[in-house]
Structure formats: C-alpha cells, structure tokens
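Colleague: A structural model of the following input is requested.
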Amino acid sequence: MNAIFKREFKSYFQTPIGFIILAAYYFFLGLFFSAIYKSGIPSIETVIMAMSIVSVFTMPILTMKLMSEDRRQKVDQALITAPVKLISIVLGKFFAAFAVFALSFAPTVIFEIIIATKISVNVFSYIYALFGMFLLGGALISIGMFISCLTESPVVSAILTLVINIIVIYMSNFATMVNNTFFSTILEKAAFVSASESFSENVFSIPDVVYFLSIIAAFIFLSVRSLEKRRWS
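Modeller: Sure, this is the predicted structure:
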C-alpha cells in the first residue's frame, strides 16, 4: 500500500492537477476567511464548512484519474494481477487523494493562529469542524474513486463524479420535490450537507460520523469488487 500511495501522491504534483487543487482551495479559503474576518465575527469553523461548495467542483478533478488513467494506459492489468492485495491498491490510491485534500486545509492553521491573537478560541471546535470536513471529503473521494473504476476516460469520470456530488451534497433540496413525507425525510437526512451541519455547530453526532464512515467503507468495497471483477475477466 505504501508504494501505491507514494506513486499516486507524487503523480499529483508531476502534473498540474495537484497544484490546481491546492491553488483553488487556498484561494477560496483566503476569500472566505477575509469575508468572515471583516464581518467582525471570525469563525474558522464557518470557513471550513463553506469549502463543501468548492469540494463539489474540485473533487472530480482530484479523483478522475485514480483508476481510469491506469486503465486508459493499459497498465491496470499489470497492477491488479501483481502479487498485492486489491484492498491495498484501493486504499493506497484513496489515501493519496485524501492526503492532497487534507493538505488543502493547511492555511486554516494559520487562520486559527491569527484569530487566537485577537480573541479566545475554542481549539476543539476548529478540530471538530476539520474532522467533519475530512469525513465529507473522504466520502466524496471514495465515490469519485469508484466512478473512476467504471470507465477508462478521466473526463467521463470527472463529469459523472460532478453530477453525483451535486446530488449527494444538495439532496435535501430535492426532498421538497417529493410528495411522500417518508422519502422526503430520508432524502433530507441523507444529504451530505445536512449530515455535516453538526460539525460546524460543535455538536458531536455519532450517527453523522458513522454515516460518513459507512459511505467511505461501502465505496471502497465497491472499488475493490470492481477491480476483482476485472482481474478475473
């Protein structure tokens, strides 16, 4: 897994993709922080959770080549038939993408220090909001990785991931279109934005944590099964 992780992580910065992702996150983090700071109510938690909007559009770029690029270059068979567990391949690629995503939030440490010089801060609130965003990001990465398993075109993977991201993030908005109260409630609760709200409100919600971890585990499992199917085909 370590070899796969190092290979994938380096690949992000051997092409413009890694730098584009970091630049986008750093720009919007700075923009949101500036707006919050000028408002007189500095809240790093709000800045962090606002990045879910940015993640909808950057995550397809981050995950589009995870699996599809190997398939497009015809090196996937050598990888999946190598004497290495498929779960190690999937986890190596997942954690490489996740590491880039986590690195994108490095400026928030500086922002928290700036706020701490002005007022008393609750470090736990900052850590919990960051934890919530990492869970959200992990879920989006696992979904994007699975979609990347299904096609050899990174562009198709990016487009499909973008569509899925919009649906899962803003599913609560679609709930108003459903007449059935039961299904409407399910859609509203299943939306990633709804599930992540507790993290910005400093409320520890075990169901929300379990929900995101379940999404991550489910799509990692589906990615492994997809590779396994190709291994024996």
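
Colleague: of all residues in the protein, which one is nearest the centre?
Modeller: Gly137 (2.2 Å; CA atoms, centre = their mean).

Colleague: that one sits in which helix or strand?
Modeller: Using DSSP states H and E, Gly137 falls within helix 123-149.

Colleague: so what does that helix touch, helix or strand wise?
Modeller: Packing partners of helix 123-149 (3 or more CB pairs under 8 Å, 6 or more residues apart in numbering; DSSP states H and E): helix 44-63, helix 86-103, helix 107-116, helix 154-169, helix 192-200, helix 206-231. All C-beta spots, glycine's among them, are computed from the backbone N, C-alpha and C.

Colleague: try it again with 7 Å
Modeller: Where contact means 3 or more CB pairs under 7 Å, 6 or more residues apart in numbering; DSSP states H and E, helix 123-149 is packed against helix 44-63, helix 86-103, helix 154-169, helix 192-200, helix 206-231.

Colleague: returning to that earlier point: surely the residue nearest to the centre of the chain is in contact with Val100?
Modeller: No: using CB atoms under 7 Å, Gly137 makes no contact with Val100, being 10.0 Å away.

Colleague: I'd assumed Gly132 was in contact with Ser196.
Modeller: Yes: assessed by CB under 7 Å, Ser196 is found in contact with Gly132 at 5.3 Å.

Colleague: so between the two, which is more surrounded?
Modeller: The neighbour comparison of Ser196 against Gly132 (other CB atoms under 10 Å) goes to Gly132, with 25 against 22.

Colleague: which residues touch the more buried one?
Modeller: Gly132 makes contact with Ser196, Phe199, according to CB atoms under 7 Å, 6 or more residues apart in numbering.

Colleague: so what touches stretch 156-176?
Modeller: Contacts for stretch 156-176 (CB under 7 Å, 6+ apart): 52, 56-57, 59-61, 63-64, 68, 140, 143-144, 147-148, 151, 184, 187-188, 190-194.

Colleague: shaky segments in this protein?
Modeller: Applying pLDDT under 70 to the chain flags the ranges 75-82, 172-190, 202, 233.

Colleague: again, 50 this time
Modeller: By pLDDT under 50, the chain has no low-scoring segment.

Colleague: Thr117: which of the helices and strands packed on helix 123-149 is closest?
Modeller: Among those, the nearest to Thr117 by CB to CB is helix 44-63 (13.1 Å).

Colleague: which residues touch that closest one?
Modeller: With contacts defined as CB under 7 Å, 6+ apart, helix 44-63 is touched by 17, 20-21, 24-25, 28-29, 32-33, 36, 97, 100-101, 105, 108, 111-112, 115, 125-126, 129-130, 133, 136-137, 140-141, 144-145, 148, 158, 161-162, 165-166, 169, 193, 196, 199-200.

Colleague: next one: that helix to chain centre, how far?
Modeller: With CA atoms, centre = their mean, to the nearest Å as the basis, helix 44-63 stands 8 Å off its chain's centre.

Colleague: next SSE after it?
Modeller: Counting by DSSP H and E, the next helix or strand C-terminal to helix 44-63 is helix 68-72.

Colleague: identify each buried residue in that next one, please.
Modeller: Neighbour counts over helix 68-72 (16 or more other CB atoms under 10 Å) mark Ser68, Glu69, Asp70, Arg71 as buried.

Colleague: show me what it is packed up against.
Modeller: Counting by 3+ CB pairs under 7 Å, 6+ apart, helix 68-72 packs on helix 154-169.

Colleague: skipping adjacent residues, who's closest to Glu228 in space?
Modeller: Spatial nearest neighbour of Glu228, excluding adjacent residues (CB to CB, 6 or more residues apart in numbering): Leu86 at 5.8 Å.
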